[in-house]
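K.L.:
Sequence plus the predicted model coming up.
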Amino acid sequence: MHVDRFRTSSHERRATPRRQWKQRCSEAGVHLFDRTTGLNVLLDELPVPASLYSRAPRQVSIALTNRCDLACAHCYAPKSRDELRLDTITRWLAELDAHGTLGIGFGGGEPTLYPEFVKLCQYAARETRLSVSFTTHGHHIDSELAERLRDNVHFIRVGLLRFGGQVDYAASLLVAALRSYSTGLT
């Protein structure tokens with residue numbers, strides 16, 4: 001067998017993200033999580049001493065701001081200009097990461113209205129091993145913001161209720177964007 005057949009070009013290597021496993025122990029066993037793919041593996045037949053159990057929650061949601069520019073009937077978030085300080089959040093993220101939390105979800109209000117949103121996502125993705133996600137109404141996501149968040153956010157949840165009843169149209173835009181992102185083709 002010729003080894004060169006299995007070599008990949010540098011472009012192909014860049015296109016395939018390396019697994020970034022994070023380990024968490026509990027009474028259920030050893031939980032492995034890859035933030036780049038969302039893959040979860042539970043090794044439930046491995047005995048884990050109680051002294052190794054993680055004391056932190058698996059996932060934490062943080063409401064960065066109460067600001068939102070929409071008035072959705074179903075929304076329970078208070079409407080005010082209250083926001084968390086960036087230094088406070090980054091300290092929390094470092095502590096959560098060190099204690100075994102697997103992921104962080106940013107919300108609010110509308111998280112993209114948080115003044116330091118991109119900087120916060122960059123910090124979380126580059127300085128911790130947390131999976132970074134956020135929930136948004138999607139109205140502020142344009143190509144510039146998407147490019148700044150690229151490689152700094154692992155999962156995005158987008159609400160489709162405010163597209164004037166055109167959920168099929170909004171879903172088709174989302175699918176097209178995902179195909180473009182995953183293949184690099186438009």
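P.N.:
Noted; the coordinates are in hand.

K.L.:
which residues of the chain fall in helices?
P.N.:
10-15, 86-98, 117-127, 143-149, 167-183 (DSSP state H).

K.L.:
Identify each buried residue in the fourth one, please.
P.N.:
By neighbour count on 16 or more other C-beta atoms under 10 Å, the buried set for helix 143-149 is residue 149. Quick note: C-beta positions are derived from backbone N, CA and C, even for glycine.

K.L.:
Packing partners of it?
P.N.:
helix 117-127 (3 or more C-beta pairs under 8 Å, 6 or more residues apart in numbering; DSSP states H and E).

K.L.:
now the helix it packs on, how far from the chain's geometric center?
P.N.:
Taking C-alpha atoms, centre = their mean, to the nearest Å, one finds the center of helix 117-127 at 10 Å from the center of the full chain.

K.L.:
Residue 111 is in contact with residue 67, correct?
P.N.:
No. Residue 67 is beyond contact range of residue 111, at 9.5 Å (criterion: C-beta atoms under 8 Å).

K.L.:
More neighbours: which of the two?
P.N.:
Relative neighbour count places residue 111 above the other of residue 67 and residue 111, with 23 against 19, counting by other C-beta atoms under 10 Å.

K.L.:
now the end-to-end length of stretch 132-151.
P.N.:
Terminal residues of stretch 132-151 are spaced 10 Å apart (C-alpha to C-alpha, to the nearest Å).

K.L.:
Mind listing residues that contact that stretch?
P.N.:
35, 68-70, 72, 103-107, 110-113, 118, 121, 124-125, 152-159, 162, 170, 177, 181 (C-beta atoms under 8 Å, 6 or more residues apart in numbering).

K.L.:
okay, now residue 68: neighbour count?
P.N.:
For residue 68, the count of nearby residues is 18 (other C-beta under 10 Å).

K.L.:
got the contact list for it?
P.N.:
For residue 68, the contacting residues are 75, 77, 79, 108-110, 113, 137, by C-beta under 8 Å, 6+ apart.

K.L.:
how much space is there between it and residue 88?
P.N.:
To residue 88, residue 68 is 21 Å away according to C-beta to C-beta, to the nearest Å.

K.L.:
Ok, residue 148 next?
P.N.:
Residue 148 sits at a distance of 22 Å from residue 88 (criterion: C-beta to C-beta).

K.L.:
just for the chain, where's the confidence low?
P.N.:
1-19, 160-186 (pLDDT under 70).

K.L.:
domain parsing for it?
P.N.:
The record's domain parsing of the chain by automatic domain parsing lists 1-54, 55-183.
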